[in-house]
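[1] Here you go, sequence then predicted model.
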Amino acid sequence: MLSPSTTETLIEQTPETPFYIPGTGSSTRPRRTLKQGDCFAVLDSHADIGATPGGPDGIFFCDTRYLSHLEILLNGSQPLLLGSNVRDDNSILIVDLTNPDIFLDQKLSQPKDVLHVVRTFFLLRGVAYQRLRMHNHGNGPFNVRLSVAFGSDFADLFEVRGLRRARRGIANLEVGEGKVTLKYQGLDGKRLRTTMLFDPLPDQLSGSAASYAFELQPNESRSVYVTVKCYPGVVENIDLPFRRGLRAAFHAHQTASRGMATVTTSNQIFNEVMCRSMADLAMLTTDTAQGPYPYAGIPWYSTTFGRDGIITALQMLWCDSRIAKGVLRRLATYQATAFDPRADAEPGKIPHEMRGGEMAALREVPFGLYYGSADATPLFVMLAGLYAEHTGDIETLRALWPNVDAALGWIDGPGDPDRDGFVEYRRADENGLVNQGWKDSHDAIFHADGSLAQGPIALCEVQGYVYLAKRSAARAARRLGMEARGDELDVQATKLAEQFEAAFWCADIGTYALALDGQKRACRVRTSNAGQVLFSGIAAPERADAVMRDLMRPSFFSGWGIRTVARDEPRYNPMSYHNGSV
């Protein structure tokens, strides 16, 4: 058993990591997720919110939790779960429940499995719809006492993730006929509210619960509808009843994938995987003012991320180039035009992350419009060139060229402060991200002895992105009639490839270094980053072959995929996202 002093020492040695997402244990109920537009919901398998500890339950809009509690009880008890499934197209959640044994004066008054409750839940344009349909399968009458508990903390997403705040805004509520309005006046001046609507009118309604009491005869059914509206997430005059809303939600999901190329094979399992993948992508893709944009993930990353959006668009070019156009236009709109150290912004730089919550508006977190990414800018240039090659859309390329040119200016300018030919990063503010590649954990970039690399850091894969960015930009420039500019970019790319081989190849480990640190020392660590170098074309053919062979050895290849760090490296951990997982 550890002594208190030993425990204190271990705690002191554990670094404080900004914006770390704590893992505090699993929930007793698995989570279900739905998303439509900028609104998403995280519910448990019963379709409850906040009924059990653990998990980021809630209904969220633009990085704010508009509802933190939604729980039903039947005759004072939690119902029993029969089944819980999200439709294959991610449009609705359907949960089947039944009553537990009900006792009165310590005697069984109603056996379990008599009342069938079907909860149907879906999202549409900032509104959450729920129908509770109850059917009595017993031989006698069933006295139903249904209560719906609800509440909202209007927590910023980063609060839900675990960050603590010294001050919060003011919350209040208003109870009306058949509805409750939960209100929040934020410190940023914004007024938010969640409106709970109940149909039919509850027998009792307070600021935290609605209750019903009625009798169901044998084989009789009754429905209760609960609607949650997030303001300003929904237009005031939108008031679709449940059935019309359900049809509109189906239609929205059907049209989301319309126009995409499809693949059908003789293998049914492969077909199902493809269909599910497309459904998931359709759910993540959000219609923005600039076009469709694939958000990075639910719940913590349901927003615009530069790197994630670009790579998704690259992978989707073959089947739906509209996504690439939307990504390019949106990122171009928010491209940095000035220096802002608190946001790691420099002219020409492409955003890493955008947030719309109260903490971002108050700069309690730096991610309102944050540029702490070394790779998003060359990836943007790469995507612009490849989009033009794939589609022949010269008009869009011409409209984007000033943004491409500004991005190239950042690559050769602020992105390479010591002018050694390599793009490198170091956060400009202590609140920013320490590491600014895709492996952005605080301990992801290290040397062969396990010591953490000190910046400025030049990642191997970022140099590959720059290489392919300049090659694709050269071809794009020629498409626009700028032959001299194209030749200039090709010369720069050739020179970069030569410098890269000289600085990054490590013959002793048979692969490319993970990075160069601030003293230009190579991080001689075998990682999957070397594999990311390959698709850019910067690697010499014989060395590309050596990297490929290394990645397929047992120390990397698990049978399920390639590990992010080889098993014999000092920081290897098979459960670590950036340091050993597949």
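    Done, it's in. Numbering: from 1, shown residues only.
[2] Let me know the distance separating the residue nearest to A313 when sequence neighbours are not counted from R363.
    With C-beta to C-beta, 6 or more residues apart in numbering as the criterion, A313 has its nearest non-adjacent residue at 3.9 Å, and that residue is A324. The way it works is simple: take the backbone N, C-alpha and C, and place the C-beta from them, glycine included. Distance of A324 to R363, given as C-beta to C-beta, to the nearest Å: 32 Å.
[3] Settle it for me: which of the two has more neighbours?
    Taking neighbours as other C-beta atoms under 10 Å, A324 and R363 compare with A324 leading, 28 against 13.
[4] counting contacts, what elements does the host helix or strand of the more buried one pack onto?
    Here A324, judged by DSSP states H and E, is contained in helix 322-333. Here helix 322-333 touches strand 285-288, strand 291-294, helix 306-316, helix 376-391, helix 394-412, going by 3 or more C-beta pairs under 8 Å, 6 or more residues apart in numbering; DSSP states H and E.
[5] Give me whichever of these is most buried.
    helix 376-391 (a mean of 25; mean count of other C-beta atoms under 10 Å).
[6] what about that one, average pLDDT?
    Regarding helix 376-391, the rounded mean pLDDT is 98.
[7] coming back round to it: any chance of the helices and strands packed on helix 322-333 in JSON lines, plus distance to L197?
    Below are those laid out as JSON lines (distance: least, C-beta to C-beta, whole Å):
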{"stretch": "strand 285-288", "distance to L197": "25"}
{"stretch": "strand 291-294", "distance to L197": "31"}
{"stretch": "helix 306-316", "distance to L197": "35"}
{"stretch": "helix 376-391", "distance to L197": "42"}
{"stretch": "helix 394-412", "distance to L197": "43"}
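[8] To P347, which of these lies closest?
    helix 394-412 (6.5 Å; C-beta to C-beta).
[9] what's the angle between the closest one and helix 322-333?
    50 degrees (axes from the mean of the first three to the mean of the last three C-alpha atoms, to 10 degrees).
[10] and for the following helix or strand past helix 394-412, what are the contacting residues?
    In the C-terminal direction, the helix or strand that comes right after helix 394-412 (DSSP H and E) is strand 458-459. By C-beta atoms under 8 Å, 6 or more residues apart in numbering, the surrounding residues in contact with strand 458-459 are A374, D375, F422, V423, E424, Y425, G437, I445, L514, A515, L516, N529.
[11] Need the residue closest to the centroid of the chain.
    G297 (2.1 Å; C-alpha atoms, centre = their mean).
[12] Assess the claim that that residue and L284 are in contact.
    Yes: with contact defined as C-beta atoms under 8 Å, G297 reaches L284; the gap is 7.2 Å.
[13] Tabulate the CA atom coordinates of the helix holding A324 in PDB.
    Only the C-alpha atoms of helix 322-333 are listed here, as PDB (Å, rounded to 0.1, in the frame of the first residue of the first chain):
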ATOM      1  CA  ARG A 322     -19.100  18.800 -52.900                       C
ATOM      2  CA  ILE A 323     -17.700  18.100 -49.400                       C
ATOM      3  CA  ALA A 324     -14.200  19.300 -50.500                       C
ATOM      4  CA  LYS A 325     -15.700  22.500 -52.000                       C
ATOM      5  CA  GLY A 326     -17.500  23.200 -48.800                       C
ATOM      6  CA  VAL A 327     -14.400  22.600 -46.700                       C
ATOM      7  CA  LEU A 328     -12.200  24.800 -48.900                       C
ATOM      8  CA  ARG A 329     -14.700  27.700 -48.900                       C
ATOM      9  CA  ARG A 330     -15.300  27.500 -45.100                       C
ATOM     10  CA  LEU A 331     -11.600  27.400 -44.200                       C
ATOM     11  CA  ALA A 332     -10.800  30.100 -46.700                       C
ATOM     12  CA  THR A 333     -13.400  32.300 -45.100                       C
END
